[in-house]
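In: Make a model of this:
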Amino acid sequence: MINNTLGIGVQGMQDGMIGMDNAARKIARGGVDGPQGTADGAGGLVEPIIDMKLYQRSVEASAQVVKTADETLGTLLDIMA
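Out: All right, here's what the predicted structure looks like:
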């Protein structure tokens with residue numbers, strides 16, 4: 001069960017990093033091929049910046065899942081030793 005939890009946490013971190021990479025690419029392209037004259041005045045950069053922050057939080061939460069599973073596994077090993 002802990003192994004499954006670790007896998008879920010790691011997968012969440014990987015997915016978050018991929019999302020952050022995609023958002024960063026959109027931000028980098030924003031000045032080149034972003035929509036012109038948008039209401040946000042930044043060439044459509046607001047949404048990818050928000051996405052970047054959301055993916056960052058997702059990675060942080062997944063890292064906390066991995067940390068907690070690791071601590072739980074360590075406690076179980078200490079009890080069994």
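In: how about I2, what does it touch?
Out: A69, T72, L73, L76 (C-beta atoms under 8 Å, 6 or more residues apart in numbering). In this view, the C-beta of every residue, glycine as well, is placed from N, C-alpha and C.
In: please redo it, this time with the cut-off set to 7 Å
Out: I2 makes contact with A69, T72, L73, according to C-beta atoms under 7 Å, 6 or more residues apart in numbering.
In: repeat for G9
Out: Contacts of G9 (C-beta under 7 Å, 6+ apart): S62, V65, V66, A69.
In: ok, so of the residues you listed, who is nearest G16?
Out: Using C-beta to C-beta, S62 is the member of the contacts of G9 that lies nearest G16, at 6.2 Å.
In: in what helix or strand does that closest one lie?
Out: Applying DSSP states H and E as the criterion places S62 in helix 46-80.
In: Report all helices and strands that that helix contacts.
Out: helix 2-33 (3 or more C-beta pairs under 7 Å, 6 or more residues apart in numbering; DSSP states H and E).
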